[in-house]
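The sequence and its predicted three-dimensional model are supplied below.
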Amino acid sequence: MEPSPGAPSSPLFAIRQTPHAGRAVFATTFIPQGTLVWRSDDLTLSVLLREYRREVCGQCFGYDYGRDLPIRDQKIGFAFCSEECQQKWREENGQIGMETWTAVEKLVKGRSKEDADMVDSDLPRPKKKEIEAAWAGVAAHAHLIRIARQAEETGVPQEGAIVQVTKQHKKALQKALLQPISPDVMSFCVSGILWRYLKPQEWDRVLALASDSTPYHNTDDLHAFTRTYLHLLAILPLPLLPLVTPETLFILSARDSHNSFGIRSLEDDGSEFFGYGCWPAASYFNHSCGPNIEKRRNGRVWEFRAGRDIEEGEELCITYLSGEERKMSRGKRMLTLKRNWGFDCACERCEEA
Ligand SMILES: C[S@@+](CC[C@H](N)C(=O)[O-])C[C@H]1O[C@@H](n2cnc3c(N)ncnc32)[C@H](O)[C@@H]1O
């Protein structure tokens, strides 16, 4: 099999296609218990939920049992556990990142927020047609905002003076800003767009991931994304605008959906859910309800260790279930995996039951 861009590679394992569960990781040698099998330090986009922004470090995701962190950067809306982390964040995000998060913070601050709680919902997921219609429904509005913004750069809109910026364009921009804001959806989109801008050569790693064609949880979620699209067209720095497209935003959701890892507290069995992120190389491990690989986050890096001795040829699996979910009956585990990850679990433990 041709290696996918961003896939993990090691003398200990190989990636192979399976009949029913896409690609998977297989041991190419005996792996003793405790072996560090893989380290993923390839974080692409990440979201720290707004409610945790004062308590969780924007760089290393460090957490001190809910205490406010010592350094708060009000302008960009992140807090840091040390000057070193703050400095690293600045280096990684650059001037464009500072400007971007400052623009987001300015918009979000003091406005009523619309993000729904991250609860499991039984509402139907929008199908492809509904998704296409929702994006098509904001295209004309988006076009007007884009023209209004492009005029900022040169004083005249793109393509010379063919299109005059009128009140209609300016009104479209103002109207977008008045729409309800979904700060966590916005963080997700901004983080992905910035990353694509800063690391264009790594976009293929995201494209290579398994894709979910219906990634929105429900209709409200879908509309939060289309509204956010208009917000971002209205506020992001001009160099980012070519990347603010339905295509980029949809690809980010479609790849995030079945691949992102939760960023949870490291203590107390991960009971606090701070947000989530996408580490492409970590997304090739399939799930098992009786996993042989244990994963642990260490700052911004995921480490994968053999939880027991593993024979050559065995599939290396992690679990996608949280601490509590692992203890559930087979039926409940199956339902949870179907709802959150979209697959019928075919792992050994489920097949044997
Ligand atoms: C993070 S990806 C894992 C890598 C994926 N197989 C691929 O080809 O990119 C998660 C997806 O893999 C598949 N998968 C993972 N574990 C599975 C299992 N135990 N049974 C069936 N499908 C599984 C599902 O399609 C799931 O949404």
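Right, received. Where do you want to start?

for this structure, what spans make up the strands?
Using DSSP state E, the strands of the chain run over residues 13-17, 23-27, 36-40, 46-48, 71-73, 78-80, 261-264, 273-277, 286-287, 293-298, 301-306, 315-318.

I'd like these laid out as CSV, including mean pLDDT, mean neighbour count and distance to residue 176.
Yep, even glycine has a C-beta here, placed from its N, CA and C like the rest. Listed next are the strands of the chain as CSV, based on pLDDT from 0 to 100; neighbours: other CB atoms under 10 Å; distance: least, CB to CB, whole Å:
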stretch, mean pLDDT, mean neighbour count, distance to residue 176
strand 13-17, 97, 16, 43
strand 23-27, 98, 19, 40
strand 36-40, 98, 19, 37
strand 46-48, 96, 23, 22
strand 71-73, 96, 16, 26
strand 78-80, 98, 23, 25
strand 261-264, 95, 19, 30
strand 273-277, 96, 20, 25
strand 286-287, 96, 20, 40
strand 293-298, 96, 17, 36
strand 301-306, 98, 19, 37
strand 315-318, 97, 21, 41
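
which residue does this protein bring closest to the ligand?
For the chain, the residue positioned closest to the ligand under CB to the nearest ligand atom is residue 22, at a distance of 2.7 Å.

Any idea which of the strands of the chain gets closest to residue 209?
strand 23-27 (9.9 Å; CB to CB).

what's that closest one packed up against?
strand 13-17, strand 315-318 (3 or more CB pairs under 8 Å, 6 or more residues apart in numbering; DSSP states H and E).

what comes into contact with the shortest one?
Where contact means CB atoms under 8 Å, 6 or more residues apart in numbering, the residues beyond strand 315-318 that reach it are 13, 18, 24-27, 31, 37, 285-288, 291-295, 304, 310, 347.

Say whether the ligand is contacted by it.
No. Using CB under 6 Å from any ligand atom, strand 315-318 stays clear of the ligand, with a minimum separation of 7.1 Å.

Quick check: neighbours of that strand in the sheet, parallel or antiparallel?
Strand 315-318 has the following strand partners under DSSP bridges: strand 23-27 (antiparallel), strand 286-287 (parallel).

The last one vs the ligand: in contact?
Yes. Looking at strand 286-287 against the ligand by CB under 6 Å from any ligand atom, the contacts come from 286-287.

what does that strand rub up against?
Against strand 286-287 from outside (CB under 8 Å, 6+ apart): 18, 21-22, 24-25, 315, 317-321, 337, 341, 343, 345, 347.

Between all of those, which two are separated the most?
Greatest spacing in these, by CB to CB: 18 and 321 (19.8 Å).

between the two, who's got more neighbours?
residue 321 (20 against 12; other CB atoms under 10 Å).

Would you agree that one is in contact with residue 335?
No. The criterion here is CB atoms under 8 Å, and residue 321 misses it with residue 335 at 11.5 Å.

TSV for the strands paired with strand 315-318, including distance to residue 212?
Output for the strands paired with strand 315-318, formatted as TSV (distance: least, CB to CB, whole Å):
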stretch	distance to residue 212
strand 23-27	15
strand 286-287	15
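
What's the local residue count around residue 242?
10.

distance of it from residue 254?
20 Å (CB to CB, to the nearest Å).

can you check residue 286 too?
19 Å.

go on, residue 54?
31 Å.

Also residue 30?
As defined by CB to CB, residue 30 lies at a distance of 37 Å from residue 254.

Show me which of those two is the more surrounded one.
Neighbour count, other CB under 10 Å: between residue 30 and residue 254, residue 254 has more, with 21 against 14.

give the contact list for the more buried one.
211-213, 215 are the contacts of residue 254 under CB under 8 Å, 6+ apart.
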